[in-house]
Every structure is written in C-alpha cells, then in structure tokens.
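**Student:** Any chance you could fold what I've pasted below:
(2 chains)
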Amino acid sequence: DTGVSQNPRHKITKRGQNVTFRCDPISEHNRLYWYRQTLGQGPEFLTYFQNEAQLEKSRLLSDRFSAERPKGSFSTLEIQRTEQGDSAMYLCASSLDDRGHEQFFGPGTRLTVL
Amino acid sequence: GEDVEQSLFLSVREGDSSVINCTYTDSSSTYLYWYKQEPGAGLQLLTYIFSNMDMKQDQRLTVLLNKKDKHLSLRIADTQTGDSAIYFCAERQGGNNNDMRFGAGTRLTVKP
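**Tutor:** This is a model prediction of the structure:
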C-alpha cells in the first residue's frame, strides 16, 4: 500500500497524559498536513510542512501541541497534558509540491481522552 | 459563522441522481473540492474544480460552480448503494495559502 499511513489507528489515554501520533506520507510527496476532525464536523487545518519546514500553524494548535518532520519524510504530532476536548480524529494528508491542491488523506488516528 | 456550509443529510433511491450542495463565503477561493468519507476510513478526493471553471464532469460525477453566488454542487448520476458516505465540500485560496477549509459534510444515504 503506497498511500498515507497513520499510527496508531486508535489511542485511548487518561487526561493529563502525553500522546504522540505518526504519519507516513506518500513517499514522493514533500508537503504534509495535519487536521483534526470532531464528530459531525469536517476536518480543521492544524499545521503544514514543506519538507522539514513547518510553514503554517492554525490558531487551533495550542502550546500543548507540537508537530515535527525532522527528515522531511514522516511526521509526528504530540499532544502534551491531554484534555477531554482533545478527543477527535487526527488526520494526516500529503501532496506534491507542484500539485499542492491534491491532498491525499490517511485513515486517521482516533484519540479518546478519558 | 461557517466558511463552508452544506446540508447535513440527503437520501435518494438507487439509480436516481444525487445532488449535494455547498456554499462558501471566501471570494478569493481558488480551488474547490469534493471529498468522500466512508465509515472508519480517511477522506478520498473525488474531484476538484478551479474557480475559473463553471463545470467539470468525470464519469458519473458532475461539479457545477456558480462563482457569483459562491455555490458549488456535486451531482452523482445513477447513484449506487456504494455511494453511501459523507461528502465534504472544501475550499482553498491557493498560492502560498494551504489552509483548506471544509464543510461539516453531507451524509448521503442510498436506499435500494
């Protein structure tokens, strides 16, 4: 399967714990995006990388959230001191530089904070 | 208010046409998209249209764009039970702006 992959698919954690999610984009794609999707809503943009550079961050991305893409390939999204309001599906997408409008999404990581 | 709005539900009979509507508010939107999401799966890009176009057809899918009214629609011809899913409309300004904004999604139910 050469699509976007995300791990884990599901994560249940207790409030106050830290969690980290991983996204592996399509191999030749140099743009990588993170979105959050809550029940009954469309995805909301969180942040975007071009290669290893984080170029854009939404105001939704609080100080407890940090994303990295150290080698310009896979990316991690960490949430520190999780809150119940962080419960959502976290989606990753990737695209080619010159076709940035065609974003291909992974299956998502569903986070439940108890 | 919402930047992108869609009706939440649509129900059709198998074989009929489905029309899913979307309105957006940002007149600088350059790209408009339709994504499909099936239960437990990620979003699948169905089709997209540039703002300088008013129609795009791709097999059973027809996208119509009325830029003056900021209205986008997706028509699915000969709707099948496998088309049952949530359909998201999204828009993006383009250029250096990569912030894609989605509607809340329209749940399409196809009855046999």
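**Student:** any low-confidence regions in chain B?
**Tutor:** Where chain B drops to pLDDT under 70, the residues are B:1-2, B:94-98.
**Student:** repeat for chain A
**Tutor:** Using pLDDT under 70, the flagged stretches of chain A are A:1-2, A:97-101.
**Student:** Which positions in it make contact with chain B?
**Tutor:** Residues of chain A lying close to chain B by CB under 8 Å from any CB of the partner chain are A:4, A:31, A:33, A:40-45, A:48, A:55-56, A:58, A:91, A:93, A:100-108. Using the backbone N, CA and C atoms, a C-beta is placed for each residue, glycine as well.
**Student:** Filter those down to the buried ones and hand me the PyMOL line.
**Tutor:** PyMOL command restricting the residues of chain A next to chain B to the buried ones, with burial defined by 16 or more other CB atoms under 10 Å in any protein chain shown:
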select buried, chain A and resi 4+31+33+41+42+43+44+45+48+56+58+91+93+100+101+103+104+105+106+107+108
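**Student:** which ones among the residues of chain A next to chain B are found in strands?
**Tutor:** The strands, defined by DSSP state E, take in A:31, A:33, A:44-45, A:48, A:55-56, A:91, A:93, A:104-105 from the residues of chain A next to chain B.
**Student:** Need the residues you listed in JSON lines (columns: distance to A:Leu114).
**Tutor:** As requested, those are arranged in JSON lines below (distance: CB to CB, whole Å):
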{"residue": "A:Arg31", "distance to A:Leu114": "34"}
{"residue": "A:Tyr33", "distance to A:Leu114": "28"}
{"residue": "A:Glu44", "distance to A:Leu114": "23"}
{"residue": "A:Phe45", "distance to A:Leu114": "27"}
{"residue": "A:Tyr48", "distance to A:Leu114": "30"}
{"residue": "A:Leu55", "distance to A:Leu114": "34"}
{"residue": "A:Glu56", "distance to A:Leu114": "32"}
{"residue": "A:Leu91", "distance to A:Leu114": "22"}
{"residue": "A:Ala93", "distance to A:Leu114": "28"}
{"residue": "A:Phe104", "distance to A:Leu114": "32"}
{"residue": "A:Phe105", "distance to A:Leu114": "27"}
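**Student:** dump the residue contacts of A:Gln103.
**Tutor:** Contacts for A:Gln103 were tallied using CB atoms under 8 Å, 6 or more residues apart in numbering or on different chains; they are A:31, A:33, A:93-95, B:45, B:100.
**Student:** can you do 6 Å?
**Tutor:** A:Gln103 is in contact with A:93, A:95, counting by CB atoms under 6 Å, 6 or more residues apart in numbering or on different chains.
**Student:** excluding its backbone neighbours, what's nearest A:Ile26?
**Tutor:** Closest residue in space to A:Ile26, ignoring its immediate chain neighbours: A:Ser94 at 5.2 Å, by CB to CB, 6 or more residues apart in numbering or on different chains.
**Student:** From A:Ser27, how far off is the one you found?
**Tutor:** Using CB to CB, to the nearest Å, A:Ser94 is found at 9 Å from A:Ser27.
**Student:** More neighbours: the two, which one.
**Tutor:** Comparing A:Ser94 with A:Ser27 by other CB atoms under 10 Å in any protein chain shown, the one with more neighbours is A:Ser94, at 24 against 8.
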